[in-house]
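>>> got a predicted structure here, sequence first:
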Amino acid sequence: MTTTAAAGVAAIEARSVSFSYGDRPLFEDLSLSIRPGEMVGLIGANGSGKTTLLRILSGVLPPRSGVVRVGGRSLGDLDARERARRIGVVPQESRLTFDFTALEIVLMGRSAHLGLLGVEGAADLAAARRAMERTGTLGSADRLTGRLSGGERQLVFVARALAQEPAILLLDEPTAFLDIRHRLAIYALLRDLNASEGLTVLTTSHDINLAARFCPRLALMKEGRLLADGPTAEVFKADLLSDLYETRLRVIRDPETGEAIALP
């Protein structure tokens, strides 16, 4: 089962993209289109190509063939500053050379908006504070990131991406290594941003139940191809998930919420 974006310009799309690591092909003629204001979960086993696809969509990696478009424009036609104003990225792991304060980290998200002198002004500080307030991290503004918990630090990196004021947010395993409280907090935040501000969200996740709970649409990736792509209620099925992970899974309904849950 595969869906395509409705009529109109996609927020972001990969069209007939191919990519190889050396002589090993990963994608061949892969297409994925996301409409403005969608929240999409990209799930699949390790090595299926999820992280690589996000890197291609963000412009970090160039495809061997095919094109990535943002708002109808080729990503290759946008310089780095314009890409950063359109697309915010939260990597799975952010490594820092120095121990900055949380506010200093978030202000880094304003770099694409700075003038020639590269000095933050009042508007940049206001944008950073708004992003921190949105993520519940404003109270940690003056704390060194090395003294934050893993969940607090990840929320700071989400705030950094939001400070860019992008229309699109790409997240690679944003809840990896976090406890359940912070996992729920981050996904609830993404859903709220998507619903209240129309932010287009694409996130990879190994927690398929969390992705199914919060993402109205799921794209299932297996060995560099889309096994299925569509409304969560239609693709979060035992047969598709068992094929995706090559492990027998069953899907049941939570007796309290009615939500679908995948179990071995």
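Received the coordinates, thanks.

>>> next up, the contacts around D29.
16-18, 66 (CB atoms under 8 Å, 6 or more residues apart in numbering). Where you see a C-beta, it was placed from the backbone N, CA and C, and this is true even at glycine.

>>> how far away is it from A14?
10 Å (CB to CB, to the nearest Å).

>>> shared neighbours, those two?
G66.

>>> where does the stretch 101-250 of the chain dip in pLDDT?
Scanning the stretch 101-250 of the chain for pLDDT under 70 picks out 116-117.

>>> what ranges do the helices span in it?
102-107, 122-135, 150-163, 180-197, 208-214, 232-235, 238-245 (DSSP state H, counting those that start in this stretch).

>>> buried residues in the longest one, which are they?
Judged by neighbour count using 16 or more other CB atoms under 10 Å, the buried positions of helix 180-197 are 182-183, 185-187, 189-191, 193-194.

>>> repeat that for stretch 41-60.
Result for stretch 41-60 [16+ other CB under 10 Å]: buried residues 41-44, 48-59.

>>> contact partners for the most centrally placed residue in the chain?
Nearest residue to the geometric centre of the chain (CA atoms, centre = their mean): L171, 2.3 Å. Applying CB under 8 Å, 6+ apart to L171 gives the contacts 89-90, 158, 190, 201-204.

>>> rerun that using 10 Å as the cut-off
41-42, 54, 88-92, 154, 157-158, 161, 186-187, 190, 201-205 (CB atoms under 10 Å, 6 or more residues apart in numbering).

>>> what sits against A123?
A123 sits next to 110, 113 when contact means CB under 10 Å, 6+ apart.

>>> I'd guessed Q92 sits against L170; true?
No: checked against CB atoms under 10 Å, the pair Q92 and L170 is beyond contact range at 11.3 Å.

>>> joint contacts of those two?
Jointly contacting Q92 and L170 under the rule CB under 10 Å, 6+ apart are 54, 204.

>>> neighbour count for the two, which is higher?
L170 (25 against 15; other CB atoms under 10 Å).

>>> distance-wise, check that one relative to S74.
Distance, L170 to S74, using CB to CB: 17 Å.

>>> with R81 instead?
On the measure of CB to CB, R81 and S74 end up 16 Å apart.

>>> and R130, by the same measure?
Going from R130 to S74 by CB to CB gives 31 Å.

>>> same check on F27?
Look at F27 and S74: by CB to CB, they are 18 Å apart.

>>> these two: which is more packed in?
Neighbours per residue, other CB under 10 Å: of F27 and S74, the larger number sits with F27, 25 against 11.

>>> for that one, name its beta-bridge partners.
Taking DSSP bridges as the rule, F27 bridges to F19.

>>> can I assume it is in contact with G66?
Yes: if you go by CB under 10 Å, F27 and G66 touch, sitting 8.2 Å apart.

>>> and for these two, which residues touch both?
With CB under 10 Å, 6+ apart, F27 and G66 have common neighbours 14, 16-19, 56.

>>> tell me the two of the residues you listed that are most distant?
Using CB to CB, the pair of those lying farthest apart is S16 and I56, separated by 12.3 Å.

>>> turn the contacts of D29 into TSV, including secondary structure.
Putting those into TSV (DSSP: H, G, I helix; E, B strand; the rest coil) gives the following:
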residue	secondary structure
S16	strand
V17	strand
S18	strand
G66	strand
